[in-house]
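S.K.: quick one, structure for this:
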Amino acid sequence: MVNKLEMILKELNDNGNFRASLFSTSTGLVLASQKVDEVDERVIAAMGSLLSDAAYKASEELSLSLLASLKIKYVDDFVICRNIIMKDEKTQFLLAVLSKPPESDDIERYYEQLLDWAVQNSFPDLEKLSTI
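M.R.: Just a heads-up that it's a prediction; the model follows:
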């Protein structure tokens, strides 16, 4: 299961030119990652979990719909966190990627398509993990 998740992340990084990508639990436990050496996936997972939790609380307070994703653009970096909600609507996982900022709206849309592909292909394995 984890090997398949890692293969999905490798494909994601290769196609998106991402520096890091990972699957984690909603509490920040890393399930699988692919990254360059200087990136600490535990920090990305922890920060993704923290940001996701804050956005979830904001959606509750403001009566917003379910959180789908977070995008944070820095001057030289770009972080996307995708919330993955299982069929039971209770278990959540996080897909996070770290890259350089997209050079155009088309590239940003391409990133979204890559993340959609990764979520779709990882869902069966994440569903199995959610039952453990």
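
S.K.: in what helix or strand does the closest residue to Thr27 other than its chain neighbours lie?
M.R.: Using Cβ to Cβ, 6 or more residues apart in numbering and skipping the chain neighbours, the partner closest in space to Thr27 is Ser49 (5.9 Å). Any C-beta I mention is one placed from the backbone N, CA and C, and that applies to glycine too. Following DSSP states H and E, one finds Ser49 within helix 41-61.

S.K.: and if you look at Ile80?
M.R.: strand 78-85.

S.K.: name the residues of that strand that are buried.
M.R.: Of the residues in strand 78-85, Phe78, Val79, Ile80, Cys81, Arg82, Asn83, Ile84 count as buried by neighbour count, 16 or more other Cβ atoms under 10 Å.

S.K.: okay if I get these as CSV plus pLDDT?
M.R.: Formatted as CSV, the buried residues of strand 78-85 follow (pLDDT from 0 to 100):
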residue, pLDDT
Phe78, 93
Val79, 92
Ile80, 93
Cys81, 92
Arg82, 93
Asn83, 90
Ile84, 92
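
S.K.: in this structure, where is pLDDT below threshold?
M.R.: 1-2 (pLDDT under 70).

S.K.: for Asn121, give me its contacts.
M.R.: For Asn121, the contact set (Cβ atoms under 8 Å, 6 or more residues apart in numbering) comprises Ile8.

S.K.: and it, that's in a helix?
M.R.: Yes - membership of Asn121 in a helix is supported by DSSP: H, G, I helix; E, B strand; the rest coil.

S.K.: roughly how far apart are it and Gly16?
M.R.: For Asn121, the distance to Gly16 equals 14 Å [Cβ to Cβ, to the nearest Å].

S.K.: on that earlier part again, next, count neighbours for the residue nearest to Thr27.
M.R.: Burial measure for Ser49: 20 neighbouring residues, criterion other Cβ atoms under 10 Å.
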